[in-house]
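**Q** Structure for the following, please:
(chains A and B)
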Protein chains: 2
Amino acid sequence: MNWNTIEWRNGVLIILDQTLLPGETKYINAERYETVAEAIRRLQVRGAPAIGIAAAFGVVLGARQFRHEPDFCGQVNRVIQKLAETRPTAVNLFWALDRQKKVVQSGKGLELKPEQIINRLEKEAITIAADDAVINRKIGEFGASLLKDGMTVLTHCNAGALATSAYGTALAAIRVAVEQGKKIAVYADETRPLLQGARLTAWELMQEGIPVTLITDNMAASVMRLGKVQAVIVGADRITANGDVANKIGTYGVAVLAKEHRIPFYVAAPLSTIDLKLKNGEEIPIEERAATEVTSFGGTVVAPAGVKVFNPAFDMTPVRYVTGIITECGIVTGDWENTLKKWKDSTI
Amino acid sequence: MNWNTIEWRNGVLIILDQTLLPGETKYINAERYETVAEAIRRLQVRGAPAIGIAAAFGVVLGARQFRHEPDFCGQVNRVIQKLAETRPTAVNLFWALDRQKKVVQSGKGLELKPEQIINRLEKEAITIAADDAVINRKIGEFGASLLKDGMTVLTHCNAGALATSAYGTALAAIRVAVEQGKKIAVYADETRPLLQGARLTAWELMQEGIPVTLITDNMAASVMRLGKVQAVIVGADRITANGDVANKIGTYGVAVLAKEHRIPFYVAAPLSTIDLKLKNGEEIPIEERAATEVTSFGGTVVAPAGVKVFNPAFDMTPVRYVTGIITECGIVTGDWENTLKKWKDSTI
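**A** Sure, this is the predicted structure:
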């Protein structure tokens, strides 16, 4: 890949501005935590694992900004708080920030100097990013085992390299299968309102020569009825203790359609996406975003002025629609609560 | 309504250019059949009943163009052929053109002069348009009987006044229910790729003060899961002898979702939309349109250059997903084949 979603270079967080893709490949050089917060809020960096990584480095930048303050640890905790307020649904954000919070806490306990704590925060962020790459690969390998030569996979939104530090989650399965010599083709839902499927997934796959066909979201049902896809793989923003899945708006509809057409529906996500604190999907906070995302399309206004809009950014897919959750520890296909808890605990 | 979808005035067919809505309310003055054919092909006029009416008047214009030709009837039949080639899926187009073909045939049999045949063609087109208005009203009345005070209805694409000569089909049911004093609210799917829901349905309903909330197509599943809608009503472009329904792409997905959420799914259409010549929906020709409809909007490119696209303009909903078909003769809810045949025969 001749591009990086997020890169930490000489103490600067370099973020690929995904709002400009596929037209432009431009990078943001973040030297302050506010720039990172804004990039997450504006979806310049998006995808649950990627925003976790970005936020972890955001804490490093913020800590550096406040290194001469008397209440250093208090300030860093406020930075963490600010970063946590950027987006509510993806749990990886809070998971990464919690890890940084623990670094601050233990540093405080050990009476370390600000510089030492900053070093530890940087090390932790680098570890989170590096781990994510390894996890992506493992998810890819487990996911690829589900894909047979000649299969066509439907995916929604972008759970690719652009949503993570390396191979992606859903797209990692496809990438590894292709590496293994299997012929895999992809249908990409364009994913309104922000068109991550059209702008990001199609772009990412085309860069690697993986055959991709773009459809509007409302064509997925026909594509399934016509027998054109044999599996669905999507990512996740949060998975609750019972296996319910929050992911990009439209995922739930795809899951219902897959069930109706007896097509397996897989969710690919690192264990950091699992939130054992929530019993089921009804408890997941669903972000609602601005009406203008729906009333305009690529900058063109497409609806009457003043029309009322409902714009949830995510939806919730009850686990009964899920064939399997592909994690770095293997594929969960049942006994959800126990298996997810066991695997999640093993990573802590 | 302070606008007309199609109007025949002083021998000119005035067509509201729907590709410019909601931004501009501009009319096309068609004095030649080629202008009508182009308007149908470009979706400046769309909706099964409306394109039937437009084509019927297109034949009048074409006949006038060739009134001094020696082979007048042959020329008019060629005009009919050209108009029939504009779009393949909506059967009302062929139904209206068949009616005009019969006028030409009987005129020829009676050895009428071109002017006399033109008069009869004009009378027939006016009848088709006037009948459609009456039919709209009847569909509205039958449809309204299904809607209770306080209900919220989801609709897809535009089966409103903009798709017909008067009240619409699906939207007629809502209009009549509102006239009857019932509080009815609407969720409108935006309906990619050409956004007829956002541009046309939302606009039409807002003009009349009927509460409408715009969503992207992939939000319909969530809206249903959250209990926000109690009925779905859509239009149709062709209904086969067994009750299978071709309608705007995305309709089939909505039907599957409605079934999963135990929400009734109604199709509102005049009997002219029923094609007894086709046994079932697998026989309906589905129009595929240009990739650029998916890869760009309003001039803004939203997908990588050269991406492969699948762009069917319609899909097919098997009758097992249909709760009822609302026609001008009543609502069919079962014994589809016999009832549709009996009612259709009664109109011929």
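
**Q** alpha carbons only for contacts and neighbour counts from here, please
**A** Will do.

**Q** Distance check, the residue of chain A most remote from its centre against chain B.
**A** In chain A, A:Pro70 marks the outermost C-alpha relative to the chain mean, sitting 36.0 Å out by CA atoms, centre = their mean. Going from A:Pro70 to chain B by CA to the nearest CA, to the nearest Å gives 49 Å.

**Q** any idea how far B:Ala173 is from that residue?
**A** Separation of A:Pro70 from B:Ala173 (CA to CA, to the nearest Å): 69 Å.

**Q** Go ahead and list the helix or strand containing the closest residue to chain B within the stretch 1-150 of chain A.
**A** Going by CA to the nearest CA, chain B is nearest to A:Pro22 of the stretch 1-150 of chain A, at 5.7 Å. For A:Pro22, there is no helix or strand it lies in under DSSP states H and E.

**Q** That one is in contact with B:Pro304, isn't it?
**A** Yes: in this structure A:Pro22 lies within contact range of B:Pro304 using CA atoms under 8 Å: 5.7 Å.

**Q** joint contacts of the two?
**A** Between them, A:Pro22 and B:Pro304 share these contacting residues under CA atoms under 8 Å, 6 or more residues apart in numbering or on different chains: A:199, A:203.

**Q** what residue ranges in chain A score low on pLDDT?
**A** A:1, A:348 (pLDDT under 70).

**Q** what do you get if the cut-off is 90, keeping everything else the same?
**A** For chain A, the stretches with pLDDT under 90 are A:1-3, A:165, A:297-300, A:346-348.

**Q** Let me know how buried A:Tyr33 is, in neighbour terms.
**A** Neighbour count for A:Tyr33, taken as other CA atoms under 10 Å in any protein chain shown: 26.

**Q** who's in contact with it?
**A** A:Tyr33 touches A:58-62, A:79, counting by CA under 8 Å, 6+ apart.

**Q** Go through those and single out the one with the most neighbours.
**A** Busiest of those [other CA under 10 Å] is A:Val59, holding 32 neighbours.

**Q** Quick one: residues contacting that residue.
**A** A:33, A:76, A:79-80, A:83, A:97, A:100, A:121.

**Q** Doesn't it lie inside a helix?
**A** Yes: secondary structure assignment (DSSP: H, G, I helix; E, B strand; the rest coil) places A:Val59 inside a helix.

**Q** What's the separation between it and A:Asp17?
**A** When A:Val59 is compared with A:Asp17 (using CA to CA), they lie 20 Å apart.

**Q** The closest residue to A:Leu20 other than its chain neighbours - how many residues pack around it?
**A** Ranked by CA to CA, 6 or more residues apart in numbering or on different chains and with sequence neighbours excluded, the top spatial neighbour of A:Leu20 is A:Lys26, at 7.3 Å. Neighbouring residues of A:Lys26 were enumerated by other CA under 10 Å; the total is 15.

**Q** Test my guess that A:Lys26 contacts A:Leu16.
**A** Yes: with contacts counted by CA under 8 Å, A:Lys26 reaches A:Leu16, the gap being 6.0 Å.

**Q** buried residues in stretch A:224-241?
**A** A:224-225, A:228-241 (16 or more other CA atoms under 10 Å in any protein chain shown).

**Q** Same question for stretch A:328-341.
**A** Applying 16+ other CA under 10 Å to stretch A:328-341 flags A:328-329, A:331-332, A:334, A:336, A:339-341 as buried.

**Q** Columns distance to chain B and secondary structure on top of those residues, output as a markdown table?
**A** Listed next are the buried residues of stretch A:328-341 as a markdown table, based on distance: CA to the nearest CA, whole Å; DSSP: H, G, I helix; E, B strand; the rest coil:
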| residue | distance to chain B | secondary structure |
| --- | --- | --- |
| A:Glu328 | 29 | coil |
| A:Cys329 | 31 | coil |
| A:Ile331 | 26 | strand |
| A:Val332 | 25 | strand |
| A:Gly334 | 22 | coil |
| A:Trp336 | 22 | helix |
| A:Thr339 | 27 | helix |
| A:Leu340 | 25 | helix |
| A:Lys341 | 27 | helix |
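
**Q** Give the phi and psi angles for A:Asp275, as a check.
**A** Per-residue torsions, A:Asp275: phi -120, psi 100 (degrees, to the nearest 10).

**Q** ok, it touching A:Ala241?
**A** Yes: between A:Asp275 and A:Ala241 there is a contact at 6.3 Å, judged by CA under 8 Å.

**Q** Enumerate every residue touching A:Gln81.
**A** Per CA under 8 Å, 6+ apart, neighbours of A:Gln81: none.

**Q** That one is in what secondary structure piece?
**A** helix A:72-84.

**Q** Next SSE downstream of that helix?
**A** Next element after helix A:72-84 (DSSP H and E): helix A:91-109.

**Q** how about that next one: buried residues?
**A** Buried, per 16+ other CA under 10 Å, within helix A:91-109: A:91-97, A:99-101, A:103-104, A:107.

**Q** swap in stretch A:141-152?
**A** Quick answer for stretch A:141-152 (16+ other CA under 10 Å): A:141-144, A:146-147, A:151-152.

**Q** what do you get for stretch A:206-224?
**A** A:206, A:210-224.

**Q** Dump the contacts of A:Tyr33 into CSV; add distance to B:Leu112 as well.
**A** Converted to CSV, these look like this (distance: CA to CA, whole Å):
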residue, distance to B:Leu112
A:Gly58, 84
A:Val59, 88
A:Val60, 90
A:Leu61, 88
A:Gly62, 89
A:Val79, 88
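
**Q** helices or strands up against the host helix or strand of A:Gly140?
**A** Using DSSP H and E, A:Gly140 falls within helix A:114-144. Secondary-structure packing of helix A:114-144 (3 or more CA pairs under 8 Å, 6 or more residues apart in numbering or on different chains; DSSP states H and E): helix A:48-65, helix A:91-109, helix A:170-179, strand A:324-327, strand A:330-332.

**Q** just so I know, which of the ones you listed lies nearest B:Glu115?
**A** Nearest of those to B:Glu115, taken as CA to CA: helix A:170-179 at 66.4 Å.

**Q** next helix or strand past the closest one?
**A** strand A:185-189.

**Q** Quick one: list the elements packing against that following strand.
**A** strand A:152-155, strand A:212-215.

**Q** Off-centre distance for it?
**A** Relative to its parent chain, strand A:185-189 has a centroid offset of 18 Å by CA atoms, centre = their mean, to the nearest Å.

**Q** which outside residues touch that strand?
**A** A:150-157, A:197-198, A:201-202, A:210-217, A:220, A:229.

**Q** Just want the angle from it to helix A:170-179.
**A** 160 degrees (axes from the mean of the first three to the mean of the last three CA atoms, to 10 degrees).

**Q** Partner strands of strand A:185-189, with direction?
**A** Neighbouring strands of strand A:185-189 in its sheet, by DSSP bridges, are strand A:152-155 (parallel), strand A:212-215 (parallel).

**Q** Adding distance to B:Arg192, write these out as TSV.
**A** What follows is the strands paired with strand A:185-189, written out as TSV (distance: least, CA to CA, whole Å):
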stretch	distance to B:Arg192
strand A:152-155	18
strand A:212-215	10
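
**Q** Out of these, the one nearest B:Asn2 is which?
**A** Across these, B:Asn2 has its closest neighbour in strand A:212-215 (36.4 Å, CA to CA).

**Q** and the closest one, how far from the chain's centre?
**A** Worked out by CA atoms, centre = their mean, strand A:212-215 lies 21 Å from the chain centre.

**Q** Could you list the contact residues of the stretch 151-300 of chain A toward chain B?
**A** A:191-193, A:195, A:198-199, A:202-203, A:206, A:212-222, A:249-253, A:256-257, A:260, A:294-295, A:297-300 (CA under 8 Å from any CA of the partner chain).

**Q** Identify the residue nearest A:Pro114 in space, chain neighbours excluded?
**A** A:Arg67 (5.7 Å).

**Q** what secondary structure does the one you found sit in?
**A** Going by three-state DSSP: A:Arg67 is coil.

**Q** hang on, isn't it packed against A:Ile117?
**A** No: counting by CA under 8 Å, A:Ile117 is not a contact partner of A:Arg67; they are 9.5 Å apart.
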